[in-house]
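[1] let me see the structure of the following:
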Amino acid sequence: MKLRATVLLAALIASCSALAAPAALVDAVQLPAWRLRGDKTEPLAPGMDVQNGDRLQTGTGARVYLKLAEGSTVKLGEAAALDFHTHSLKPQRFFRGALDVLTGAFRFTTAQAAKLRQRDVAIRVGTATIGIRGTDVWGKSGDEQDLVMLIEGHIEVKAVGRDPIEMAEPLSVFLASKGAEPLPLSTATEEELASRSAETDIDPSNGALRRKGRFSLRLGDALDEPGALVLYDQTRKAGYPARIRPVADGKDWRYEVLLKGFASRKEAEQAAGPLSAALKLPITATR
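    Sure, this is the predicted structure:
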């Protein structure tokens with residue numbers, strides 16, 4: 001059957017991917033979001049690998065947490081696009097790469113346990129480039145200006161055609177309008193930090209898919225094979241990583257289309273309302 005072949009192929013691809021040591025993995029997703037690899041676009045799901053040349057994109061209200069092999073976390077806010085570049089042969093030991101934030105907000109945080117590991121990361125935020133060794137930094141590339149806020153650590157920011165600027169004071173802010181000289185460094189308030197952080201943190205009032213999450217949302221009712229395949233394709237194109245589960249119905253089979261990976265029933269139920277409105281389907285939380 002076409003549907004069963006689709007399910008088996010997806011499982012085979014997932015098992016093969018798990019054998020490699022990826023430079024980065026998707027850790028959590030507040031939908032919708034996509035991974036663009038060559039000419040193929042797929043909805044983001046926890047556990048997906050991110051390789052050299054991939055682009056990550058987020059939709060309205062979306063958030064993505066990306067875990068680098070060396071232990072740092074990259075967070076993306078809504079309506080963001082990031083190009084991922086690395087040629088590290090052993091990224092767990094020494095990660096060397098570049099993150100190109102084309103648009104939207106991001107946060108790069110090195111966990112305390114990972115600070116002693118070697119890394120050489122450059123982050124491009126619009127027209128500015130940040131040199132990263134191990135720190136906590138927030139930034140945003142917009143249509144009119146680029147902003148970089150140092151939360152902790154030490155970075156060097158270089159705008160195109162300008163001399164590098166050292167940033168070592170917590171909450172120092174680099175701001176440059178497109179095509180203009182960067183402004184002198186300023187200092188953000190704790191309130192501004194909280195507001196900026198909320199742009200890249202997962203919204204606690206709306207559920208997210210997470211690695212090892214065991215709860216699901218069922219999209220609509222159990223369907224026959226053609227109906228399930230149509231819904232599966234439509235949902236994934238919209239940025240939702242749907243899966244198909246066969247259900248015995250007497251001597252026949254019906255098929256459920258699921259979104260799997262919520263950490264709790266509460267998170268699944270929180271996500272059900274917005275997803276139901278976006279997909280125009282009745283949605284039920286399930287295990």
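[2] mind checking the SS state of Ala272?
    Using DSSP: H, G, I helix; E, B strand; the rest coil, the structure places Ala272 in helix.
[3] again with Gln234
    helix.
[4] buried residues of the lengthiest strand in the chain, list them for me.
    Longest strand of the chain, by residue count under DSSP state E: strand 94-110. For strand 94-110, the neighbour count (16 or more other CB atoms under 10 Å) marks 95-101, 103-110 as buried. C-beta here means a position set from N, CA and C on the backbone, and glycine is covered the same way.
[5] where exactly do the helices run in the stretch 51-200 of the chain?
    Counting by DSSP state H, counting those that start in this stretch, one finds helices in the stretch 51-200 of the chain at the ranges 190-200.
[6] residues contacting the residue nearest the centre of the chain?
    Central residue of the chain (CA atoms, centre = their mean): Val64, 2.5 Å from the mean position. Taking CB atoms under 8 Å, 6 or more residues apart in numbering, we find Val64 in contact with Val26, Ala28, Val29, Gln30, Ala33, Leu44, Leu56, Thr58, Lys75, Leu76, Ala80.
[7] can you redo those residues as CSV with pLDDT, neighbour count and distance to Ile123?
    Output for the contacts of Val64, formatted as CSV (pLDDT from 0 to 100; neighbours: other CB atoms under 10 Å; distance: CB to CB, whole Å):
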residue, pLDDT, neighbour count, distance to Ile123
Val26, 97, 24, 18
Ala28, 97, 21, 20
Val29, 97, 29, 21
Gln30, 97, 25, 22
Ala33, 98, 24, 19
Leu44, 97, 25, 20
Leu56, 98, 24, 14
Thr58, 98, 26, 17
Lys75, 98, 22, 12
Leu76, 98, 28, 12
Ala80, 98, 25, 13
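[8] mind checking which of those residues are in strands?
    Going by DSSP E, the strands hold Val26, Ala28, Val29, Gln30, Ala33, Leu56, Thr58, Lys75, Leu76 from those.
[9] and the strands in the stretch 51-200 of the chain?
    55-58, 63-68, 72-76, 81-86, 94-110, 118-125, 128-132, 136-141, 145-152, 155-159, 165-167, 172-177, 186-187 (DSSP state E, counting those that start in this stretch).
[10] the first one pairs with which strands?
    According to DSSP bridges, strand 55-58 forms sheet pairs with strand 33-37 (antiparallel), strand 81-86 (antiparallel).
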